[in-house]
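> Take a look and give me a structure for this.
(3 chains)
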Amino acid sequence: MAAEVAENSCGGLGLMGRILLWLPLALFAALALFFASGLLRPDERVITSKLVGKPLPAFELPQAASDRPPLSSAEFAKGKPRMLNIFASWCVPCAAESSQLLALEKAGVPIDAIAIRDAREDVDAFLARWGNPYDHIGLDARSSVQIALGSSGVPETFIVDGQGRIVHQHIGDIRAEDVPKLIAIWKGAQ
Amino acid sequence: MIAELGLAALWLAAALALLQCVLAGLGLTQSRDDLLSGVRPVAVCQALLCALAFLCLILLFLRSDMSVLLVAMNSHSAKPWLYKFAGAWGNHEGSMLLWVTVMGVAGAGVALLERTLKRDTHMATLGAQALISLGFYAFLLFSSNPFERLAPPAADGQGLNPLLQDPGLAFHPPTLYFGYVGLSVAFSFAVGALVTRTVDAAFARAMRPWVLTAWVMLTIGIVAGSYWAYYELGWGGWWFWDPVENASLMPWLAATALLHSVTVLATRDALRAWTVMLAVIAFSMSMVGTFLVRSGILTSVHAFAVDPERGSFILALLAIYIGGALALFGARVGTVREGKQFEAMSRETWLVVNNLLLTVILGVVLIGTLYPLMTEAFGHKVSVGPPYFNRIAGPLALMLMLAMMAGPLTRWRRDKPGLVAERLIWPALAMAGIAAALGVASWGKIGLLPFLGLVVAGGVALGSIVPLGKRNLRRTPLFVWGMVIAHMGCAVSLAGMAADSAFTTEKLAAMKPGDNVEAAGWSVTFSSVAPVAGENWSAMQADMIAQRGGAEALLNPQNRFFSDPPTTTTESAILTRWDGQLYIVLGDALDDGRWQVRIWWKPFVTLIWLGGLMIAAGGVLTIIGRERRGWLLKLRKIHAGDWG
Amino acid sequence: MAKTGAMKSKHQRLILAIIALVAVVAAGLLAASALKDEAAYFYAPDDVKTKGVEPGKAIRLGGMVVAGSLKKAADGVTITFDVTDGKATVPATFTGIAPDLFREGSGVVAEGAFDETGTFVATELLAKHDERYMPRELEGMNYNAATHEMKADR
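Okay, the predicted model is just below:
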């Protein structure tokens, strides 16, 4: 309604009228700035695990794929840094990152995996289709280890040092440009 | 091949939108008729190309082409074809493509159908429409390309959330989109009028059908969404004040206000600047709602669904278009001449009251929706729920209904308070009667708000037909019928809401086959439970026999399990009778062979959506009533071979 | 509201504008006062312990369902469970069909009131259709399903 004044502003409502006229724009600008500040804090929304820098929680998972041994947290405290990939056969970004994982394996990075809410036949089919870069694969049928890890979705990848401490968490699929960085972190963990 | 064709069509459409802007802009600033004459054909071609791109996307989804990223992410070859089809817009990229398609088609409509507007305003409007489209084309092409390929192709798709596998939901978002985007036309009209400084009755008449159409679509979309939430979520509620729901309600509130102020402007040439302002606000609310839903700014746990780049892109578009329009408003509206004045007791005044109340409700809903964000900025995390919205919006809505009762009974320009009061006698008596009857029958049993709701609904229902009282019904113009039916629909809907919250009976029991439960005159027998399978789900389905007064009916609530991705949903069973709905939900199985069963009897709950549909139908009648003559003229011209 | 009689005068626009301004301010104040109550409406178990809630007052209780605490009563439709925020734990009961994603270890927001014995009687359970749902007010907390501990870092 501020505008109604404006129609008169030439008729002498003067300053107040003109201020009212620009009031909607000012209000909107405040709103837009507020939205922008909300967007500029995306880091809070990507939930990083509180466990980075802390030891891997203890777990013991059953076998997920027919030709790979099961996974337990003990594998990660044997002196050599390893990578832990969280994936699922029903997840498209997981398929998208498979060639990057194969590249990491080729570069000498040992990779273990946890399959989330999955079934053995599906995991086998997935690995046959997209390649298998993993040494051990554990099946986390109810996402309990995933939650314990503080991981909020699939795919996610952790780098664990030789003492079983989590040194890095990568959220989302690994893109080609992430590979050198991950290798560097893995090397740094040695 | 289809994907590439779609992408090419999209690029071409974007180029044409740019051309349309340039032609309109240069043509107007340099007064070049040759340039301006190109605007309309370009607008039509742009719409055709954009529609072609959208068709390509639908085709890709129907063929389950898993070499397209979007299809692989959102579809599945085992999905029923209807959901493959609907899957085309059941995701971010596809829905944005639908958005620009509708926008382009609406622009073509303005180019082809609009005849009464001053030519310069018409051209400025088309230019503005193309400018808005251009932003969304850029958004699609640079940050949300729906035709992106996936190499190598996926074996099969990621499916679609089973909650979304529902015919209601498949067609509910596009309806809302037609509404949102229809408001973009009103926005463009406002910008066009500001550019040429002609805000008058003719402008309002040109804009009105577009506002009405958008408003009808929004109404249908909201009604459908509400019914979907009612039967799919299995909670018995019909409105949850969820941010996504609010995102559709806010444009509707603004559009409702605009619809009434545009009528004042068209009929009486008053409220000029305010109408322009509302047109800007209405589309702004569509964009703000889209931004809130798309940017993920409100649902902070969906880390993967959130792409900050997309949020920033929409925010930038928002800032440019809304900021630009408001700046234009500030700079130009002062030079628009004052409209006609009116007396304190006149229909205009009631419509001003309507506009104020709607604006206040809009403000309250907007603040409530944004409040969690605001407090988060200061480190507190708060969620705002139904108690807040109901407490404030409820009383305001009742006041609005009262104004709606009085408005149509008051003459334009000037009326005598005594005469208005006289015409209000019958509705007032009806309200007093209902209040007395309810007071005697159920004092203390129902809450204040439902009580007032029922009373006001009765008054408005009667009040809305009073304007017909002195008319010859066969000669009453269609748009008057439209208003009467829409207002009556508000009363019907209000009555349904109030009856639902005042008189619902709920029964909860653990039942084994053979058990029987009594609820509100119904006798429900749990006869058996057995597994059933659908195309991509399996379920436990119960046979429940409901009896009342000798009549019997079978209800089949389900506990449904979807395999891909693994999800369980409860499918409620609903039995509709003239006086209400019996709503049964099958819960979990207990270890001892019993099942949890929740039974509601909801008297007259269907009136909520029936009223909503009446509101929409009233809108349709008004459009036909107002525009019929224009269409006939146009048809006759076409018959005479004059397409221009 | 607009029937001041002065509408006829030259100042009609000004009057309308002032009414509009008053209405907008009124909306803001209305919203602010209601939101103040709304913010006071949410309690985490620790708030219950430290601030205290009188029985019968309608509130919203949010936290995580303690693993191992969920029990079904003999009537088949009543459940009892404990809600924790890592600092305090309160017992709760609910009669009805719990949402699909309501389970031990998941986040929950319950609407209802405390009874005389200090048990929270929930009339409605809200668990979002998202298995990673965390009540907004408790974001930033971490629930460890292995040790059943909540880490609060507020």
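
> Please count neighbours and contacts with C-alpha atoms only from this point.
Noted.

> Per the annotation, how does chain C divide into domains?
For chain C, whose domains are defined here by automatic domain parsing, the residue ranges read C:1-38, C:41-152.

> got it, and chain A?
In the recorded assignment (automatic domain parsing), chain A comprises A:2-40, A:60-188.

> Next, the distance between the ends of stretch C:69-79.
The first and final residues of stretch C:69-79 sit 10 Å from each other (Cα to Cα, to the nearest Å).

> Show me which residues of that stretch are buried.
The neighbour-count check on stretch C:69-79 (16 or more other Cα atoms under 10 Å in any protein chain shown) flags C:Leu70, C:Gly76, C:Val77, C:Thr78, C:Ile79 as buried.

> and stretch B:221-240, does that touch chain C?
No. Judged by Cα under 8 Å from any Cα of the partner chain, stretch B:221-240 makes no contact with chain C; its nearest approach is 9.0 Å.

> Quick one: low-confidence residue ranges for chain A.
Low-confidence segments of chain A, defined by pLDDT under 70, span residues A:1-14, A:16, A:39-51, A:90-93, A:152-153.

> so what secondary structure elements neighbour the helix or strand B:Ala190 falls within?
Following DSSP states H and E, the helix or strand that holds B:Ala190 is helix B:167-196. Using 3 or more Cα pairs under 8 Å, 6 or more residues apart in numbering or on different chains; DSSP states H and E, the elements in contact with helix B:167-196 are helix B:81-87, helix B:92-113, helix B:119-143, helix B:201-232, helix B:243-268, helix B:272-295, helix B:308-332.

> Can you say which of these is nearest to A:Ser151?
Shortest distance between A:Ser151 and the helices and strands packed on helix B:167-196, using Cα to Cα, is found for helix B:308-332: 19.8 Å.

> Do that closest one and chain C come into contact?
No. No part of helix B:308-332 sits near chain C under the criterion Cα under 8 Å from any Cα; the closest distance found is 14.9 Å.

> what's the burial count for B:Thr116?
Applying other Cα atoms under 10 Å in any protein chain shown, we find 12 residues neighbouring B:Thr116.

> Can you pull out the low-pLDDT segments for chain C?
Within chain C, the ranges that satisfy pLDDT under 70 run C:1-11, C:38-40, C:100-101, C:103, C:105-106, C:127-154.

> What residues sit buried inside the helix ranked longest in it?
In chain C, taking DSSP state H as the definition, the longest helix is helix C:12-39. Neighbour counts using 16+ other Cα under 10 Å place C:12-21, C:23-24, C:27, C:31-32, C:34-35, C:38-39 of helix C:12-39 among the buried residues.

> Which one of the domains of chain A lies nearest to chain B?
Between chain B and those, the tightest spacing by Cα to the nearest Cα is seen for domain A:2-40, at 4.8 Å.

> Show me what the host helix or strand of B:Ala406 is packed up against.
Element membership for B:Ala406 (DSSP H and E) is helix B:386-406. With contacts defined as 3+ Cα pairs under 8 Å, 6+ apart, the secondary structure elements packing on helix B:386-406 are helix B:347-377, helix B:448-465, helix B:478-503, helix C:12-39.

> now for those helices, which one comes closest to chain A?
helix C:12-39 (5.0 Å).

> Quick one: name whatever helix or strand follows the closest one.
The first helix or strand that comes after helix C:12-39 along the chain, using DSSP H and E, is strand C:42-43.

> Contacts for that following strand, please.
With contacts defined as Cα atoms under 8 Å, 6 or more residues apart in numbering or on different chains, strand C:42-43 is touched by B:Val382, C:Ile59, C:Arg60, C:Leu61, C:Gly62.

> Would you agree C:Glu116 falls within a strand?
No. The assignment for C:Glu116, made by DSSP: H, G, I helix; E, B strand; the rest coil, is coil rather than a strand.

> ok, back up a step: give me the subset of the buried residues of helix C:12-39 touching chain B.
Cross-checking the buried residues of helix C:12-39 against chain B (Cα under 8 Å from any Cα) gives C:Gln12, C:Ala20, C:Ala23, C:Val24, C:Ala27, C:Ala31, C:Ala34, C:Leu35, C:Glu38, C:Ala39 as the overlapping residues.

> which ones are touching the third one?
Which is C:Ala23. Per Cα under 8 Å, 6+ apart, neighbours of C:Ala23: B:Leu356, B:Val360.

> TSV for the helices and strands packed on helix B:167-196, including mean neighbour count?
What follows is these, written out as TSV (neighbours: other Cα atoms under 10 Å in any protein chain shown):
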stretch	mean neighbour count
helix B:81-87	21
helix B:92-113	22
helix B:119-143	23
helix B:201-232	23
helix B:243-268	23
helix B:272-295	25
helix B:308-332	20
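
> in the top helix by length along chain A, what's buried?
The helix of greatest length in chain A, counted in residues with DSSP H as the criterion, is given as helix A:14-39. Taking 16+ other Cα under 10 Å as the neighbour-count basis, helix A:14-39 is seen to contain the buried residues A:17-18, A:20-26, A:28-29, A:32, A:35-36, A:38-39.

> related to what we said a few turns ago, nearest to A:Leu182, of the buried residues of stretch C:69-79?
With Cα to Cα as the yardstick, the closest approach to A:Leu182 among these comes from C:Leu70, at 42.0 Å.

> If we ignore the residues flanking it in sequence, what's nearest the closest one?
The spatial neighbour of C:Leu70 that comes closest, neighbours along the chain excluded (Cα to Cα, 6 or more residues apart in numbering or on different chains), is C:Phe81 at 4.4 Å.

> just the buried residues of helix A:14-39 that are near chain B?
Counting by Cα under 8 Å from any Cα, A:Arg18, A:Leu21, A:Trp22, A:Pro24, A:Leu25, A:Phe28, A:Ala29, A:Ala32, A:Phe35, A:Ala36, A:Gly38, A:Leu39 from these sit close to chain B.

> which non-adjacent residue is nearest the fifth one?
Translated: A:Leu25. Counting by Cα to Cα, 6+ apart, the residue nearest A:Leu25 is B:Leu326, at 5.3 Å.

> what's the pLDDT at that neighbour?
Predicted confidence (pLDDT) at B:Leu326: the value is 93.

> cool, and B:Ser75?
Per-residue pLDDT puts B:Ser75 at 80.

> now do the one 10 residues further on
The predicted local confidence for B:Phe85 comes out at a pLDDT of 86.

> likewise the one 5 residues further on?
In this prediction, B:Gly90 carries a pLDDT score of 78.

> try B:Glu343
83.

> neighbours around A:Ala74, how many?
Neighbours of A:Ala74 under the rule other Cα under 10 Å: 13.

> Look up how far chain C lies from it.
Between A:Ala74 and chain C the distance is 16 Å, computed by Cα to the nearest Cα, to the nearest Å.

> so who does that residue touch?
A:Ala74 makes contact with A:Ala58 under the criterion Cα under 8 Å, 6+ apart.

> Phi and psi next, for A:Gly164.
Dihedral pair for A:Gly164: phi 80, psi 20, per degrees, to the nearest 10.

> Reduced to three states, what does B:Val384 come out as?
Per three-state DSSP, the secondary structure class of B:Val384 is coil.

> Count the residues that sit near the residue nearest to C:Leu70.
Residues contacting C:Phe81 under the criterion other Cα under 10 Å number 22.

> quick one on the thing from earlier: let me know the closest of the ones next to chain B among the buried residues of helix A:14-39 to B:Gly439.
Once Cα to Cα is applied, the member of these that ends up nearest B:Gly439 is A:Pro24, at 45.6 Å.
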